[in-house]
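Asks: A predicted structure for the sequence below; I have some questions about it.
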Amino acid sequence: MKKTLFNTIICLLAICSIAKAQTPPSHEIYDRLLKKNVTADGKVNYKAFIKDSVELNKYLAIISATPPNEKTWSKNEQMVFWINAYNAFTIKLITKYYPIKSIKDIGTGIQIPFVNTPWTVRFFKIGTERMDLDNIEHGQLRKKFDDARVHMALVCASKSCPILLNEAYDAKRMDEQLAKQARAFLADPFRNKMSENKPQLSMIFKWYGGDFNKKGGSVRNFVNAHSDVKVKPEAKLSYLDYDWGLNEQP
């Protein structure tokens with residue numbers, strides 16, 4: 001009886017929290033964990049995140065109970081919510097199956113029946129909706145916000161991904177953070193080999209080329225806007241193989 005009453009109270013509190021989500025949640029807990037467990041060059045200490053699972057779960061519970069309110073939240077507040085949620089839930093997914101060599105080792109239909117990729121594992125809720133990582137990337141960020149820089153912010157726990165920023169995204173500094181990420185990503189010779197005549201770019205620019213081509217833009221224009229090395233108009237773009245190895249601290 002007591003257990004049933006307790007569960008009922010918890011459910012009611014969660015419903016009230018969701019109903020009153022007029023303002024965005026604090027990302028302070030997540031920010032603290034990133035500063036502690038992620039290096040400046042984006043290497044992640046997943047063992048430390050496992051030790052800090054209570055704090056990580058606390059943050060994810062806050063995120064789950066506070067879905068964005070499109071009427072009262074600013075565009076930046078909504079975007080940082082989804083970016084932080086994507087990266088934090090990715091960390092959670094890795095720690096659940098750790099040790100692994102790659103995120104692609106998850107969700108082959110062996111560990112999780114009827115699931116083929118880690119991005120389609122519905123392992124969390126936002127509000128009352130059960131979601132997967134694809135829902136955040138494609139259903140929220142790419143669908144609702146016209147900013148290709150999100151591809152420099154979303155980190156799928158792989159070496160060829162943009163580095164995981166060792167601080168939470170913040171609505172007041174989001175533009176600065178995204179610009180910094182875009183510049184760092186293009187300047188990193190492991191992820192992009194910049195050249196005026198023969199640039200070798202990340203596969204991200206090929207996979208999501210349409211996002212960079214919106215409003216008369218192009219991959220070339222995006223690259224030239226965020227890189228010190230300017231690609232010439234006649235240069236042919238080629239793409240590097242993608243390393244899906246885990247972005248883990250050695």
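Replies: Arrived safely.
Asks: Could you list the buried residues of stretch 237-249?
Replies: 237, 240, 242, 244, 246, 247, 248 (16 or more other Cβ atoms under 10 Å). Backbone N, C-alpha and C define where each C-beta goes, glycine included.
Asks: ditto for stretch 25-32
Replies: Across stretch 25-32, burial judged by 16+ other Cβ under 10 Å covers 25, 27, 29, 30, 31.
Asks: Name the SS class of the residue nearest in space to the middle of the chain, please.
Replies: Residue closest to the average C-alpha location in the chain (Cα atoms, centre = their mean): residue 154, at 3.0 Å. Put simply, residue 154 is coil when judged by DSSP: H, G, I helix; E, B strand; the rest coil.
Asks: Local confidence estimate at the residue nearest to it when sequence neighbours are not counted?
Replies: Of all residues not flanking residue 154 in the chain, residue 86 sits nearest, at 5.3 Å (Cβ to Cβ, 6 or more residues apart in numbering). On pLDDT, residue 86 comes in at 98.
Asks: show me what contacts residue 86?
Replies: 133, 136, 137, 141, 154 (Cβ atoms under 8 Å, 6 or more residues apart in numbering).
Asks: The fourth one and residue 65, how far apart?
Replies: Per Cβ to Cβ, to the nearest Å, residue 141 is found 20 Å from residue 65.
Asks: Equivalent analysis for the first one, please.
Replies: If you measure residue 133 against residue 65 using Cβ to Cβ, the figure is 19 Å.
Asks: The closest residue to residue 78 other than its chain neighbours: neighbouring residues, count only.
Replies: Excluding the flanking residues, the one nearest residue 78 by Cβ to Cβ, 6+ apart is residue 68, at 4.6 Å. Counted with other Cβ atoms under 10 Å, residues neighbouring residue 68 total 20.
Asks: can you confirm residue 68 is in a helix?
Replies: No. Looking at residue 68 with three-state DSSP, it is coil, so not inside a helix.
Asks: show me the contacts for it.
Replies: Taking Cβ under 8 Å, 6+ apart, one finds 21, 24, 77, 78, 81, 82 in contact with residue 68.
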